[in-house]
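J.: Give me coordinates for this.
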Amino acid sequence: MKLDFLNQGISNVHAAALILGAAGLLSRVLGVLRDRLLAERFGAGRELDIYYAAFQIPDFMSILFMLGAGSAAILPVFQKYLARDQEEGRRLISSITFLFIAGAVLIASLIFFAASSLVALIVPGFDDAEQRLTAELTRILLLSPILLGLSSIFSAVVQSFERFWAYALAPVLYNLGIIAGIIFFVPAGGVLGLGAGVVLGALLHFGIQFIAAKRLGFIPKFSLKARLWKKPEKGVAEIMKISFPRVLSISLSQLTILILIAMASTLAAGSIAVFQFAQNLYFLPIGIFAVSYATAIFPRMSRFYLARDAKEFFNEIFSGIRSTLFWIAPSAALFIVLRAHVVRVALGAGHFTWEDTRLTAAILAALSIGMVSGSLIALLLRGFYALEKTWRPLAINIISSLLSVFFAYFLMMVLRTPGATGEIFKSFFRVKDLPHPEVIGLALGYMLGTVINIYFLYTSLINLADKTFGVRFSFPIRPLQKIIAASAAAGLAAYLVRLGFQGIVPLDTFLRVLFQGVVAAVAGIAAYAAALFLLRSEDIYELWQSLERRFLRIGVLPKNWDGEHFKV
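T.: All right, here's what the predicted structure looks like:
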């Protein structure tokens with residue numbers, strides 16, 4: 001296979017956005033399929049706990065490597081070098097690649113030998129045999145962050161030359177590799193086969209971008225002797241300066257998750273698995289909508305900051321918040337109301353029991369209460385980066401991370417200890433009859449930390465922008481009130497439809513669960529749109545006009561078409 005399409009440059013921003021968006025959606029759909037296969041084969045038991053626990057250190061490394069050596073840090077510096085001379089660009093990529101390989105292999109080697117001790121800290125609730133298996137799987141997974149880090153370096157090259165096909169398909173191939181591991185490797189190797197699937201996915205992620213970069217002529221060339229004595233390119237220091245605060249900030253969020261996983265390991269078997277499953281579903285709408293808007297708005301905020309255009313800078317922040325909440329607020333309402341349907345459709349198969357479904361659904365509901373807050377983090381962080389202030393969000397993340405851990409531990413103990421407060425929580429999430437609902441406390445603690453984080457990020461960013469530009473703009477609260485009211489209408493409509501199905505369509509088969517969930521969700525979406533129209537929301541009218549323009553542009557239902565011919 002020649003893969004000639006990888007050589008096609010895509011200079012049109014709309015075409016590039018379409019490809020990236022479609023590939024992103026496909027990747028997330030494959031992620032749901034991946035989780036469903038895991039749930040079907042293993043259920044919410046200790047084997048999946050071991051898999052997700054073993055994933056924590058390599059996942060932490062992946063975030064460090066992909067941020068530190070990622071395209072967001074490398075791309076602007078690489079493009080400056082490229083503008084002067086392509087050979088300078090090649091030398092920069094060679095320097096970065098050499099230093100990354102040297103550093104990544106050193107870190108991976110240290111973790112390989114220290115895996116047993118590190119695993120004992122991460123999962124203190126596992127017995128000795130479970131910790132040994134977790135350490136063994138961790139060692140296999142250490143190949144993944146190295147491959148993903150290298151892939152991030154080459155992604156800067158393919159993006160600079162607008163080879164978006166390779167960049168877009170990389171995460172799709174990653175999930176396909178894991179799915180292949182579940183289907184083909186697990187029957188022979190058990191939970192260790194999952195590790196092999198992850199490594200295969202990382203190899204595919206790296207491979208497609210390596211091929212694209214190679215065809216552009218940007219494969220690193222260096223001799224070990226020369227690199228050991230040669231001073232790195234100046235751009236390397238610039239890249240490290242850009243990436244360092246971002247790495248620390250994101251690392252804190254991942255460290256918080258790691259601590260929560262350690263707490264979950266002391267609970268009943270399967271607690272880590274259901275927490276991770278619920279988190280994956282929680283991030284689904286955030287990844288599709290919130291991250292997309294934050295990514296699209298970031299370069300515009302940077303441009304308006306450099307131009308010292310305060311009005312447009314604030315407009316980008318405020319419109320980004322509105323646009324994000326336009327999609328996320330109703331998603332949160334529907335996730336809370338239809339949590340069991342979402343979980344059962346996504347995961348309910350094989351060894352994943354109804355009790356597993358109910359517990360995962362309760363965790364999803366707890367997380368979804370803070371979905372609006374969680375969806376804005378990516379946007380507000382990019383606001384700080386656009387203002388070239390990367391240390392302030394780091395301080396805020398430290399505080400919110402500590403509070404998340406405190407609240408998680410406190411609420412876990414409340415649910416673990418008999419008492420009136422714990423019974424109220426259990427009744428609210430409808431898990432009174434389940435034997436071990438304590439893991440819901442971890443989700444609630446994480447949610448509360450997210451709410452606190454977004455409050456301080458927003459107030460700090462607005463105050464910083466006020467001082468930077470010397471002018472103050474206030475967020476238009478009226479449109480936000482309309483979105484919240486319409487989202488409440490969406491949740492109520494979905495709830496009433498769900499109630500109407502009780503006793504008519506029993507939830508005893510996949511198709512019946514899917515049918516009931518889809519009908520209730522459609523009713524909720526219709527109520528949301530109707531409420532926005534009745535409230536005369538600018539957002540719904542702008543969306544309608546945008547869709548109308550696009551339909552007319554591609555020739556769908558033009559206004560002067562009567563079904564057979566054009567009206568004159």
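J.: Stretch 285-298: end-to-end distance?
T.: 19 Å (C-alpha to C-alpha, to the nearest Å).
J.: just checking, next helix/strand downstream of the helix or strand bottoming out on mean pLDDT in the chain?
T.: Ranking every helix and strand in the chain by mean pLDDT, DSSP states H and E puts helix 224-229 at the bottom, with a mean of 49. Using DSSP states H and E, the helix or strand that follows helix 224-229 towards the C-terminus is helix 234-264.
J.: Enumerate the positions of that following helix that are buried.
T.: Buried residues in helix 234-264, counting neighbours by 16 or more other C-beta atoms under 10 Å, are found at 235-236, 238-240, 242-254, 256-264. Where C-beta positions appear, they are placed from N, C-alpha and C, glycine not excepted.
J.: pLDDT below threshold where in the stretch 201-350 of the chain?
T.: Scanning the stretch 201-350 of the chain for pLDDT under 70 picks out the ranges 222-233, 242, 245-246, 249, 295, 299.
J.: Which parts of it are helices?
T.: 224-229, 234-264, 271-285, 291-306, 310-337, 339-347 (DSSP state H, counting those that start in this stretch).
J.: nearest to residue 443, of these?
T.: The closest of the helices of the stretch 201-350 of the chain to residue 443 is helix 271-285. By C-beta to C-beta, the value is 6.7 Å.
J.: So what's the gap between that closest one and the chain middle?
T.: In this view, helix 271-285 has its centroid 11 Å away from the chain centroid, taken as C-alpha atoms, centre = their mean, to the nearest Å.
J.: Show me what it is packed against.
T.: Applying 3 or more C-beta pairs under 8 Å, 6 or more residues apart in numbering; DSSP states H and E, we find helix 271-285 packed against helix 13-42, helix 46-68, helix 234-264, helix 310-337, helix 339-347, helix 354-368, helix 371-386, helix 439-469.
J.: tell me the angle of that helix relative to helix 354-368?
T.: Orientation check (axes from the mean of the first three to the mean of the last three C-alpha atoms, to 10 degrees): helix 271-285 against helix 354-368 gives 50 degrees.
J.: list the buried ones in helix 271-285?
T.: 271-285.
J.: Next, the angle from it to helix 234-264.
T.: On the basis of the same axes, to 10 degrees, helix 271-285 is oriented at 130 degrees to helix 234-264.
J.: Quick check: closest non-adjacent residue to residue 248.
T.: residue 394 (5.5 Å; C-beta to C-beta, 6 or more residues apart in numbering).
J.: Which strand or helix spans the one you found?
T.: Applying DSSP H and E, one finds residue 394 within helix 392-416.
J.: Tell me what angle that helix forms with helix 354-368.
T.: Using the same axes, to 10 degrees, the inter-axis angle of helix 392-416 relative to helix 354-368 is 140 degrees.
J.: Run through the neighbouring helices and strands of the helix or strand just after helix 392-416.
T.: The element immediately downstream of helix 392-416 (helix or strand, assigned by DSSP H and E) is helix 420-428. Using 3+ C-beta pairs under 8 Å, 6+ apart, the elements in contact with helix 420-428 are helix 392-416, helix 439-469.
J.: Of the ones you listed, which is nearest residue 108?
T.: helix 392-416 (25.3 Å).
J.: Can you give the contact residues for that closest one?
T.: Residues from elsewhere that reach helix 392-416, judged by C-beta atoms under 8 Å, 6 or more residues apart in numbering: 245, 248-249, 252-253, 255-256, 259-260, 263, 267, 380-381, 384, 421-422, 425-426, 437-442, 444-446, 448-450, 452-453, 456-457, 460, 464.
J.: mind running it again at 7 Å?
T.: With contacts defined as C-beta atoms under 7 Å, 6 or more residues apart in numbering, helix 392-416 is touched by 245, 248-249, 252-253, 255-256, 259-260, 263, 381, 384, 421-422, 425-426, 437-438, 440-442, 444-446, 448-449, 452-453, 456-457, 460, 464.
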